[in-house]
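Engineer: what follows is a predicted structure for the sequence shown.
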Amino acid sequence: MTETVARRNGPQPSPPAPPPDASYRAHVEATFARYDEVRKDRDALREQLDKAVNAIKAATDTETLLRDEIASLRRQLEENNLRLLQAMAERAAYETLFSGFMAQMREFNIPAVPLVRDLSHAQPMPDDEQ
């Protein structure tokens, strides 16, 4: 049966002869040298990759912190806008109140002068001498 298989497949090649010792040794040494170079390149690339990943993590953390700070500043801005609107509303209320006072003072002919007198030159009252 092996003859039949051999006829179908054709003649089998003989196993390769081992290379001479010196050239085989040089080939093995060259292969190991290439392997060491590839390994060093791989390690260098892995180190660069680790540095890049760490830089990306640091940048992501910084981005997160900056986004949080922006959100905080937006909240402060909204709060300050609400305070401004509240102050404007209070000022309008006070202006209305004071304009009402001024209208009453004009209506009743009350002079628009301070109602408190300077008493620095006044004579002391008899009750104050005690």
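Structural biologist: Thanks, I have the structure now. Remember, it's a predicted structure, so these values are computed and weren't measured experimentally. Numbering: from 1, shown residues only.
Engineer: sec struct for residue 111, please.
Structural biologist: Under DSSP: H, G, I helix; E, B strand; the rest coil, residue 111 falls in the coil class.
Engineer: okay, it: pLDDT?
Structural biologist: Confidence at residue 111, expressed as pLDDT, is 77.
Engineer: OK, contacts around it?
Structural biologist: Residue 111 sits next to residue 105 when contact means Cβ atoms under 8 Å, 6 or more residues apart in numbering. From N, CA and C alone the C-beta is placed, and that goes for glycine too.
Engineer: which parts of this protein are helices?
Structural biologist: 2-9, 21-107 (DSSP state H).
Engineer: how about low-confidence regions in this protein?
Structural biologist: Where the chain drops to pLDDT under 70, the residues are 1-13, 15, 17-20, 115-119, 121-122, 124-130.
Engineer: go again using 80 as the cut-off
Structural biologist: Across the chain, the ranges flagged by pLDDT under 80 are 1-22, 111-130.
Engineer: among the helices of the chain, which is the most enclosed?
Structural biologist: helix 21-107 (a mean of 10; mean count of other Cβ atoms under 10 Å).
Engineer: sorry, back to before: output the helices of the chain as CSV; include the columns distance to residue 123.
Structural biologist: CSV is the format used below for those (distance: least, Cβ to Cβ, whole Å):
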stretch, distance to residue 123
helix 2-9, 142
helix 21-107, 30
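Engineer: alright, I will stop here.
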